[in-house]
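Colleague: got a predicted structure here, sequence first:
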Protein chains: 2
Amino acid sequence: STRKSNRFPSSSPSPNNPGFLQKNNNVDEKGRIVGPFTEQPSPKNLLTRDNERGSRFRHTETDFSNLYARGDLLFSSCWRWWTSSLTTSARHLTDPPKCWTSTIHTSCWRAWRASTWSFLISRRAWSRSCVFVCWSFICSKYVCMYCICCFFHRFTYEIAPVFVLMEQLTLKKMREIVGWPNGEGDGIFSPGGAISNMYSVMVARYKHYPEVKTKGMTAAPRLVLFTSEHSHYSIKKASAVLGFGTENLILLKTDERGRVIPADLEAKVIDAKQKGCVPLFVNATAGSTVYGAFDPINEIADICEKYNMWLHVDGAWGGGLLMSRKHRHKLNGVERANSVTWNPHKMMGVPLQCSAILVREKGLLQGCNSMCAGYLFQPDKQYDVTYDTGDKAIQCGRHVDIFKFWLMWKAKGTSGFEKHIDRCLELSEYLYNKIKNREGYEMVFQGQPQHTNVCFWYIPPSLRDMPDREEKRQRLHKVAPKIKAMMMECGTTMVGYQPQGDKVNFFRMVISNPAATRSDIDFLIDEIERLGQDL
Amino acid sequence: STRKSNRFPSSSPSPNNPGFLQKNNNVDEKGRIVGPFTEQPSPKNLLTRDNERGSRFRHTETDFSNLYARGDLLFSSCWRWWTSSLTTSARHLTDPPKCWTSTIHTSCWRAWRASTWSFLISRRAWSRSCVFVCWSFICSKYVCMYCICCFFHRFTYEIAPVFVLMEQLTLKKMREIVGWPNGEGDGIFSPGGAISNMYSVMVARYKHYPEVKTKGMTAAPRLVLFTSEHSHYSIKKASAVLGFGTENLILLKTDERGRVIPADLEAKVIDAKQKGCVPLFVNATAGSTVYGAFDPINEIADICEKYNMWLHVDGAWGGGLLMSRKHRHKLNGVERANSVTWNPHKMMGVPLQCSAILVREKGLLQGCNSMCAGYLFQPDKQYDVTYDTGDKAIQCGRHVDIFKFWLMWKAKGTSGFEKHIDRCLELSEYLYNKIKNREGYEMVFQGQPQHTNVCFWYIPPSLRDMPDREEKRQRLHKVAPKIKAMMMECGTTMVGYQPQGDKVNFFRMVISNPAATRSDIDFLIDEIERLGQDL
């Protein structure tokens, strides 16, 4: 029996024996594994790291947060260290364990676990060498672990322990930044913002009509959803996929700058109720796709509270601004949302895909998606199975989206992301100021853009003196597609365009890479004029 | 006007000017880009490549198809070449273009496009150097392209041209292997088998009740779905997510080996109709999660035709057997399915994630998921926008899952995958033969497994002479969890377990890596006995 208890250690981990496979670890204990994220205990302290940088990061070899101007960190500096290192210390990677995608794992699990964890829990600042070692070590070892996981149809703690903890800690940090007390709540990384938004509608439905899970949509009254006419089409897709029907998604009017008019929401809620429908869900967009507009969350939240509706904030594009002290006010009220979509793969430059759905109330994701598949998620395991995330997701195995984000955050720090965001917004301000009064340009909406989206028409000389009639509209509609096509043929640059409502095709320049420079912007404008002058 | 027509080349590409950005390319022309996949014109020839190998592959440096025994190709050999090469020809990767995730693409698009395509369309066999050059070149260049794509919320041909074509050609090849005439049909790569199965239910619903897209589930009668009680839980998840309700998913009885009993399906269809429900969809599992059972597709297809139901084949786990002349008969009738899920990331060893949903009828995926988001998918582009796949998916931007699969197929060849599959099944046969009559083992079902799943109980000596009563059951239920926990503590090996129906916890050994050996199997059995003898 002594021998047995050695094999099954007791459930109270001691400081020297973290006992990560045992039950009763709380998040704080696990915090030591994933390290410095927990150094900022409250949202208040979150953005004050710069002041403490001196003492805390003194022995760091490189200030990662400043690397942004020389290219995206993860894909230049880290990449360079990693690749150059492979030839010297390439034992792990050039001699991969036999067990890739196999269930027979013959390398020593215990040694691997112990060494990895003792490395991860160290509180040393993340120096260059540290980031490199972590990167190559985890890549070689955990990806292997994860392959096993996927093969088994699982996303469980035992199979991908560090990734599960990374995800848990990072989501908690994101919820803190959103402003939910102590970062409480739930969440999961999903394959993209469209799926994250779909999760929000599913969870809202489960919260208000849990019987739909078993009985289907016919068990609920006629439910209606609301979103801005400028919102991303994934909300419409969700309404079709989930069985609401796109006709039960009601589009809200926006002001001239693309922001939802709260009074229109309230009027349409009242109207829907009078028609016998039940208003269920409101999506407020934080950073719309085309205009980069931020809906007024606080005013929308008031209406949601009044009529007992779920408030979702789609911050897929604009969520990154929460990292900036200067710009996060644009999302004021986000802490009142029931759920938030936030894609670090957009504004924060994390490689695709990395999208999080955050839910304020705990347990809903699990309740909504759990199917009690006992043959996949065994409750009689030797560790706390609440760490197994598989039953929260609509997927089974998932891609490891968390690792790149976590490592990037470790390297750049919160303040690095802040600089990244601020720099992009400065650049778009530069573009806006450059063209707002320039001959041949017309802004699609007046005033400085809220996000990095700068929307404008280029009007070739031949159209400038034409009267503002249908013929001019029709010709202007073809200008942006032509210029873009020529850009692609020439291979010099590329910028997107689209119509919006009754507005003909216009250019939409967005900046998410802080490595772009003012001279890039100047070049873009020169190029548009060079290619468009004869149209 | 001459200058302009140079910029906008005519719509009829000549043999010397493939004109890939122009309209009217058909799949055959594009086939030249993605090369040898089209060398096998019909399913009949598909698996006869070995015979032709001599002449066609004479100048190949290495026979990739034989590499499997020395480890997974993509992650050992290719990986080694790639990493070692980075230091010598690392210009692309160590000096990444400034445009990562930016919209300003200042490197020369035209030169890049021309050089890449002229390389890809060459019909040379894929020698080692060729695979390496492709790998590093595409990694450095296209991943960059793709990042732009994702940032823009798009999955369009102009942004990820080669990936879009790779996906199209590979899906066509997979449909040919399924047995649909000329590989006609549709499909998409999705983030995992659960989502692929969800697509199948969505598409079935759209085919029979297209009005649900706009009016919601209340516009349809009460629809019911059928699946085996042994099927993967993702079908149940889909019924909850899509608004059918899990109670409207009817579970079918299986025989002792886990295969659906067709008579039970017909009886339940008749019963459902009598209750006023409309039978919509039947899922036949090809390779069930636990037993590895293959449902009798032909008999199920007969019933589906008789009652006008959609037939989906979930070949997530067993689809890989289609690559083997020896084993593909287990999926006989799969060509009668309306849709098929097939995960190359499972049995075929492609790194996670790589899952395809194949649909026999063209246009349904698009019809089902298109939201006509004009601001994202502009119909006035200069190329044939039917190549833009974004409107087929429930996602917006997607991860590039195709590339690893495509490259692996190029390197191993169809016959390499066949050997991979055959080898895994031989190994599981070895395990089965080793334990079927061994003392202390009991098989969960009798007879040789259809797939590589070998399901068995290990009965410790202390239980062997016990009468077959509840007490023995309860003790046996705890054996597998205990042994697995000890395996993890010791770090020697790991094998999964689960209960199924009224059967207590049993081990399920599955093999998908052909690098495993008979001595690994021997070791596994030794280890189970070493750890379990005192229980």
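Modeller: Thanks, I have it.
Colleague: regarding chain A, what is its longest helix?
Modeller: In chain A, assigned by DSSP state H, the helix with the most residues is helix A:402-435.
Colleague: next structured bit after that one?
Modeller: Moving toward the C-terminus from helix A:402-435, the next helix or strand (DSSP states H and E) is strand A:441-443.
Colleague: for the next helix or strand after that following strand, which strands pair with it and how are they oriented?
Modeller: Sequence-wise, the next helix or strand downstream of strand A:441-443 (DSSP H and E) is strand A:454-458. According to DSSP bridges, strand A:454-458 forms sheet pairs with strand A:441-443 (antiparallel), strand A:503-509 (antiparallel).
Colleague: ok, residues contacting the helix or strand following strand A:454-458?
Modeller: As assigned by DSSP H and E, the chain's next helix or strand after strand A:454-458 is helix A:461-464. Contact partners of helix A:461-464, identified using Cβ atoms under 8 Å, 6 or more residues apart in numbering or on different chains, comprise A:439-440, A:472, A:475-476, A:479, A:533-535. Backbone N, C-alpha and C define where each C-beta goes, glycine included.
Colleague: go through helix A:461-464 and flag the buried ones.
Modeller: Neighbour-count burial for helix A:461-464 flags A:Leu463 (criterion: 16 or more other Cβ atoms under 10 Å in any protein chain shown).
Colleague: for A:Val298, which non-adjacent residue is closest in space?
Modeller: Careful, residue A:298 is Asn; it's not Val. A:Gly333 (3.5 Å; Cβ to Cβ, 6 or more residues apart in numbering or on different chains).
Colleague: residues contacting the one you found?
Modeller: A:296-301.
Colleague: just the buried members of these?
Modeller: Burial by neighbour count, judged by 16+ other Cβ under 10 Å, picks out A:296-297, A:299-301 from the contacts of A:Gly333.
Colleague: quick revisit: type out the PyMOL command that picks the buried ones from the contacts of helix A:461-464.
Modeller: Of these, the buried ones can be selected in PyMOL as follows, counting by 16+ other Cβ under 10 Å:
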select buried, chain A and resi 440+472+475+476+479+535
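Colleague: work out for me the element whichever residue of the stretch 101-250 of chain A sits closest to chain B sits within.
Modeller: Residue nearest to chain B within the stretch 101-250 of chain A (Cβ to the nearest Cβ): A:Gly243, separated by 2.5 Å. Assigned by DSSP H and E, A:Gly243 falls within no helix or strand.
Colleague: count of neighbours near it?
Modeller: Residues contacting A:Gly243 under the criterion other Cβ atoms under 10 Å in any protein chain shown number 29.
Colleague: please name the residues that touch it.
Modeller: A:Gly243 makes contact with A:216-217, B:212, B:216-217, B:242-244, according to Cβ under 8 Å, 6+ apart.
Colleague: adding pLDDT, write the residues you listed out as a markdown table.
Modeller: Listed next are the contacts of A:Gly243 as a markdown table, based on pLDDT from 0 to 100:
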| residue | pLDDT |
| --- | --- |
| A:Gly216 | 97 |
| A:Met217 | 97 |
| B:Val212 | 97 |
| B:Gly216 | 97 |
| B:Met217 | 97 |
| B:Leu242 | 98 |
| B:Gly243 | 98 |
| B:Phe244 | 98 |
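Colleague: identify, from the residues you listed, the entry nearest to B:Arg259.
Modeller: The closest of those to B:Arg259 turns out to be B:Phe244 (Cβ to Cβ; 24.5 Å).
Colleague: quick one: the nearest residue to the closest one once chain neighbours are set aside from B:Leu249, how far?
Modeller: The shortest distance from B:Phe244 to any residue other than its chain neighbours is 5.0 Å, reached at A:Gly216 (Cβ to Cβ, 6+ apart). A:Gly216 sits 10 Å away from B:Leu249, taking Cβ to Cβ, to the nearest Å as the criterion.
Colleague: got it, and A:Arg328?
Modeller: Distance of A:Arg328 to B:Leu249, computed by Cβ to Cβ: 44 Å.
Colleague: neighbour count for these two, which is higher?
Modeller: Legend: neighbour count by other Cβ under 10 Å for A:Arg328 and B:Leu249, higher for B:Leu249 (23 against 19).
Colleague: in three-state terms, label A:His312 for me.
Modeller: strand (DSSP: H, G, I helix; E, B strand; the rest coil).
Colleague: per-residue confidence for it?
Modeller: You'll see A:His312 listed with a pLDDT of 98.
Colleague: so who does it touch?
Modeller: Contacts of A:His312 by Cβ under 8 Å, 6+ apart are A:197, A:200-201, A:204, A:281-284, A:337-341.
Colleague: which of the residues you listed fall in strands?
Modeller: Members of these lying in strands (criterion: DSSP state E): A:281-284, A:339-341.
Colleague: JSON lines for those, including distance to A:Thr170?
Modeller: Shown next, in JSON lines, are these (distance: Cβ to Cβ, whole Å):
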{"residue": "A:Phe281", "distance to A:Thr170": "26"}
{"residue": "A:Val282", "distance to A:Thr170": "27"}
{"residue": "A:Asn283", "distance to A:Thr170": "24"}
{"residue": "A:Ala284", "distance to A:Thr170": "24"}
{"residue": "A:Ser339", "distance to A:Thr170": "17"}
{"residue": "A:Val340", "distance to A:Thr170": "14"}
{"residue": "A:Thr341", "distance to A:Thr170": "15"}
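Colleague: closest to chain B out of the residues you listed?
Modeller: Closest approach to chain B among the ones in strands among the contacts of A:His312 (Cβ to the nearest Cβ): A:Thr341, at 11.6 Å.
Colleague: any idea how far that closest one is from A:Ala284?
Modeller: 11 Å.
Colleague: how many residues are close by the residue nearest to B:Phe244?
Modeller: A:Gly216 sits with 26 neighbouring residues when counted by other Cβ under 10 Å.
Colleague: does it touch B:Asn248 like I think?
Modeller: Yes: counting by Cβ atoms under 8 Å, A:Gly216 does reach B:Asn248; the two are 5.7 Å apart.
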